[in-house]
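K.L.:
My questions are about this predicted structure, shown below with the sequence.
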Amino acid sequence: RELILAAEDNGYRLAISTTTSAANVEALLLSAFGREGTAKFEVICGGDSVENKKPAPDIYLLTLEQLGLRPEDCIAIEDSRNGLLSAHRAGIPTVITPSIYTDDQNFDEAAWVVDDLSNVGLIELIENVRKSMTATRRTA
């Protein structure tokens with residue numbers, strides 16, 4: 001929640017790319033942010049927006065298209081291997097926060113893996129992703 005508010009306060013454009021339904025997203029946003037929850041996100045792409053679900057990149061490609069952004073100008077935050085693969089295949093650097101259900105999955109393609117985002121500031125998140133991208137370019 002705090003990371004989203006910090007990104008919003010600093011002028012970053014926010015989007016949601018999810019396999020869940022629009023109704024579930026709205027309920028989650030209402031719970032986290034109140035009635036203005038959906039207004040925080042410029043684009044919300046739900047699972048019914050694309051034919052191929054994660055790990056296919058379709059949901060992220062649609063989000064990029066609607067935002068008019070390049071993948072390297074974005075950061076995805078995911079919690080599962082399928083989500084990571086979806087974002088990675090779309091070319092988006094990805095931060096992983098494993099859950100108790102996914103902590104045994106392989107996250108080798110992630111730009112950064114962190115157990116808990118509640119203690120991570122916006123600048124720290126961006127710097128860790130940039131470091132990973134720079135290291136990847138040097139080894140490629």
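P.N.:
Yep, that arrived. Computed from a predicted model, the values in this text were never measured in an experiment.
K.L.:
and the gap between Ile100 and Leu30?
P.N.:
Distance of Ile100 to Leu30, computed by C-beta to C-beta, to the nearest Å: 25 Å. Bear in mind the C-beta positions are built from the backbone N, C-alpha and C, glycine included.
K.L.:
so what's Ile16 up against?
P.N.:
Contacts for Ile16 were tallied using C-beta atoms under 8 Å, 6 or more residues apart in numbering; they are Val25, Phe41, Val43, Ile44, Cys45.
K.L.:
Out of those, who's the most crowded?
P.N.:
Across the contacts of Ile16, the neighbour count under other C-beta atoms under 10 Å reaches its highest value at Cys45, namely 25 neighbours.
K.L.:
isn't that residue right up against Thr63?
P.N.:
Yes: with contact defined as C-beta atoms under 8 Å, Cys45 and Thr63 form a contacting pair (4.9 Å).
K.L.:
Overlap of the contact sets of the two?
P.N.:
Shared contacts of Cys45 and Thr63 (C-beta under 8 Å, 6+ apart): Ala15, Ser17.
K.L.:
which residues sit against the longest helix anywhere in the chain?
P.N.:
Longest helix in the chain by number of residues, with DSSP state H as the criterion: helix 122-139. Contacts with helix 122-139, where a contact means C-beta under 8 Å, 6+ apart, come from 3, 6-7, 10, 12, 72, 75, 93, 95, 111-112, 114, 117.
K.L.:
That helix: how far from the chain's middle?
P.N.:
On the basis of C-alpha atoms, centre = their mean, to the nearest Å, helix 122-139 is displaced by 15 Å from the centre of the chain it belongs to.
K.L.:
List the buried residues for that helix?
P.N.:
Leu122, Leu125, Asn128, Val129, Ser132 (16 or more other C-beta atoms under 10 Å).
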